[in-house]
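1. Build the 3D model from these lines:
(chains A and B)
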Amino acid sequence: MAKQAKQEFVQHITPREENFSQWYTDVVKMADLMDYTPVRGCMAMKPYGNRIWELIREGMDKRFADTGHENVSLPMLIPESLLMKEAEHVEGFAPEVAWVTQGGNEVLPERLAIRPTSEVLFCTMFSQWVQSWRDLPLKYNQWCSVMRWEKTTRPFLRTAEFWWQEGHTVHATAEEAQEETLLMLEVYRAFIEDVLCIPLFTGQKSDKEKFAGARATYSVEAMMQDGKALQAGTTHNFGTNFTEPFEVRYQNKEGQLAYCHETSWGTSTRLIGAIIMAHGDERGLKLPPGVAPFQAVILPIAAHKGGVMETCEEAKTQLQAAGIRVKLDDRDHLSPGWKFNEWELKGVPLRLEIGPRDIEKGVATYMRRDTFEKGILPLNSLAEGVRALLEDITREMFSIANQFRLSRTKDVFSMAEMGEQVNVGYARSMWCGRRACEDQVKEAFSATSRNMPFDQTPIAPDCVVCGEAADKVMYWAKAY
RNA sequence: CGAGGUGUAGCGCAGUUUGGUAGCGCGUUUGGUUCGGGACCAAAAGGUCGCAGGUUCAAAUCCUGUCACCUCGACCA
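-> Sure, this is the predicted structure:
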């Protein structure tokens, strides 16, 4: 009875079906990923959330290096005149640029934009760094934060300042640039599906939805548990759209001056939002082992009893030696039950309990965060057992998310079907390619075109909107 | 940016209608008993009531302004 009264004061997470947005906010706050700050729309990432971002960075950075990219660091300020050089780009970003107008007490002769993205700076530098065909390609990336003056913000999904990586490359030929654009899309897909366990729709954006100044934009689109789409990463082929105004030229083997072909690609802290909304449940966060700050947490049971803490320490040492990120929760003022809930809330993939009964049998009791399945692992080969479980958890998390995605994706052949389907997930349809039809979908259902899959095998002859001949397969959804 | 809502101790809230000098639970600190799904006892610390004006003998409470956050819509990684 005392226990029941107590329950009322334990903070609970709003159920997903009741209010998905509130559930998201609850999880973000209660898992201690971030905090709000005195700066409008800007968040502080707390250690736990920041560590997830670091692990995402480490994982992706390795893949960038493996595909021949180098990291650089460019200024966070961009002179207004530079930003104005590419018309479409200016138009796209102008409404959300923050400006620095004063340095110390002096009003600046030219105001400086706080970077919303760095295409123009990279192009300016590229124009100085490239002379000969021998200098190409330049394949650079930077990890930094950027600022966009968003009207409304939400932790990780849309913040005024956000952390990201932006890759920028220049190449001698259009073919190479296109190859790079698709290569990085594949790097994103592989990382997000294999490590973050989030299944994706991969394809090309419509002209309406493509990046300001790009010739072609590609995206990886994820599905959240409310059926809405979240763009998890994009890659752009700019052709010579920027390199012409910025005069990024090289002398080719024939001695002629030619414009470079440019690409850029980015992913951001939004990926953390994607992890939360793709995997989380009523007990909180559910982290894929690949980016979990702690892949396993060891909880001593009756820690004061003989041998318990010693066994826990040994287990920790064994797991650490095997390269597993492990936490031994030795706080003695909290009950086991409290810790169970806390680590579930924080999404730790695997819980290991070690108490007198386990030690007697030479085992640790485990519980998987993904399936809540319980079992035992022999202590003398704990690392092997944990490793195998973490691998299985990774597979299972992808599988569960993928089943959900498939169950919420449907081919549609009429506007009525489209309207129903975008309320629960993604709709796939034929599309004639006209902007007017996209606008109509937006108008009717507030859904947008997400991307055109690489498999363009027609599923019908006519555009789902206008009924005229159509040759494009398109995915549609309501988006974050 | 439009509509609605909320700002009181680290967190969650009561108190505001009807002005009288701030309270509850959790958490925190100290000591002790506990420990296999949110333990218990005892003692203690912690708040210029988002901010700025105004009304009043007196403001968390009334008035004006302002800021922040949340939810729902329109735009964006």
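
2. Mind jotting down where the helices sit in chain A?
-> Counting by DSSP state H, chain A has these helices, from start to end: A:2-7, A:20-30, A:47-66, A:80-83, A:87-93, A:119-129, A:174-194, A:270-279, A:308-321, A:336-345, A:356-361, A:382-407, A:415-421, A:435-445.

3. low-confidence ranges in chain A?
-> For chain A, the stretches flagged by pLDDT under 70 are A:1-11.

4. Nearest residue to the middle of it?
-> A:L271 (1.9 Å; Cα atoms, centre = their mean).

5. Count the neighbours of A:A444 for me.
-> By other Cβ atoms under 10 Å, the residues close to A:A444 number 13. C-beta coordinates here come from the backbone N, C-alpha and C atoms, glycine included.

6. Same question for A:S429.
-> 27.

7. what's the distance between it and A:C463?
-> Using Cβ to Cβ, to the nearest Å, A:S429 is found at 8 Å from A:C463.

8. For the closest residue to A:E88 other than its chain neighbours, grab the count of nearby residues.
-> Distances taken as Cβ to Cβ, 6 or more residues apart in numbering place A:G213 nearest to A:E88, at 4.7 Å, with adjacent residues excluded. Around A:G213 there are 24 other residues, counting by other Cβ under 10 Å.

9. for A:D207, what are its contacts?
-> Contact analysis of A:D207 by Cβ atoms under 8 Å, 6 or more residues apart in numbering lists A:R435.

10. For it, give its distance to RNA strand B.
-> Counting by Cβ to the nearest atom of the strand, to the nearest Å, the separation of A:D207 from RNA strand B is 12 Å.

11. Hmm, A:F162 and A:E150 touching each other?
-> No - A:E150 is beyond contact range of A:F162, at 9.4 Å (criterion: Cβ atoms under 8 Å).

12. quick one: which of the two has more around it?
-> A:F162 (20 against 15).

13. Quickly list what that one is bridged to.
-> Listed by DSSP bridges, the beta-bridge partners for A:F162 are A:V146.

14. Isn't it up against A:V146?
-> Yes - look at A:F162 against A:V146 with Cβ under 8 Å: they come within range, at 6.6 Å.

15. who are the neighbours in contact with the residue nearest to the centre of chain A?
-> Here A:L271 is in contact with A:I56, A:I192, A:L196, A:A232, A:G233 (Cβ under 8 Å, 6+ apart).

16. Neighbour count and distance to A:G337 added to those residues, as a markdown table?
-> Listed next are those as a markdown table, based on neighbours: other Cβ atoms under 10 Å; distance: Cβ to Cβ, whole Å:
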| residue | neighbour count | distance to A:G337 |
| --- | --- | --- |
| A:I56 | 24 | 32 |
| A:I192 | 26 | 35 |
| A:L196 | 27 | 30 |
| A:A232 | 26 | 36 |
| A:G233 | 28 | 40 |
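
17. Could you export those residues to TSV, including columns for distance to A:G347?
-> Putting the contacts of A:L271 into TSV (distance: Cβ to Cβ, whole Å) gives the following:
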residue	distance to A:G347
A:I56	14
A:I192	17
A:L196	12
A:A232	18
A:G233	22
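
18. The residues you listed: which ones sit near RNA strand B?
-> Counting by Cβ under 7 Å from any atom of the strand, A:A232, A:G233 from these sit close to RNA strand B.

19. Would you confirm that the residue nearest to A:E88 contacts A:F238?
-> Yes - A:G213 lies in contact with A:F238 (Cβ under 8 Å); the separation is 6.4 Å.

20. anything in contact with each of the two?
-> Joint contacts of A:G213 and A:F238 (Cβ under 8 Å, 6+ apart) are A:E119.

21. List the contacts of stretch A:297-313.
-> A:315-316, A:319, A:326-330, A:332, A:336, A:339-340, A:343, A:348, A:350-356, A:358-359, A:364, A:379.

22. Can you list the buried residues in that stretch?
-> By 16 or more other Cβ atoms under 10 Å, the buried positions in stretch A:297-313 come out as A:V297, A:I298, A:L299, A:P300, A:I301, A:A303, A:V308, A:M309, A:T311, A:C312.

23. so who does the nearest residue to A:R40 once chain neighbours are set aside touch?
-> Leaving aside its chain neighbours, A:R40 sits nearest to A:A160 (6.5 Å; criterion: Cβ to Cβ, 6+ apart). The contact partners of A:A160, by Cβ under 8 Å, 6+ apart, come to A:V39, A:R40, A:G41, A:C42, A:A98, A:M147, A:R148, A:W149, A:E150, A:T153.

24. Name the nearest of those relative to RNA strand B.
-> The shortest gap between RNA strand B and any of the contacts of A:A160 belongs to A:R40, at 3.8 Å (Cβ to the nearest atom of the strand).

25. Redo the contacts of A:A160 as CSV? Include distance to RNA strand B.
-> Shown next, in CSV, are the contacts of A:A160 (distance: Cβ to the nearest atom of the strand, whole Å):
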residue, distance to RNA strand B
A:V39, 7
A:R40, 4
A:G41, 5
A:C42, 7
A:A98, 12
A:M147, 9
A:R148, 5
A:W149, 10
A:E150, 5
A:T153, 6
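
26. Name only those of those that count as buried.
-> By 16+ other Cβ under 10 Å, these give A:G41, A:M147, A:R148, A:W149, A:T153 as buried.

27. So which bits of the stretch 51-200 of chain A are right by RNA strand B?
-> Checking the stretch 51-200 of chain A against RNA strand B by Cβ under 7 Å from any atom of the strand, the hits are A:95-96, A:148, A:150-155, A:157-160, A:162, A:164.

28. does A:C466 really touch A:C432, like I thought?
-> Yes - the pair A:C466 / A:C432 is scored as a contact, 5.9 Å apart, by Cβ under 8 Å.

29. okay, these two: which has more neighbours?
-> Neighbour tally, A:C466 and A:C432, criterion other Cβ under 10 Å: the higher count belongs to A:C432, 19 against 15.
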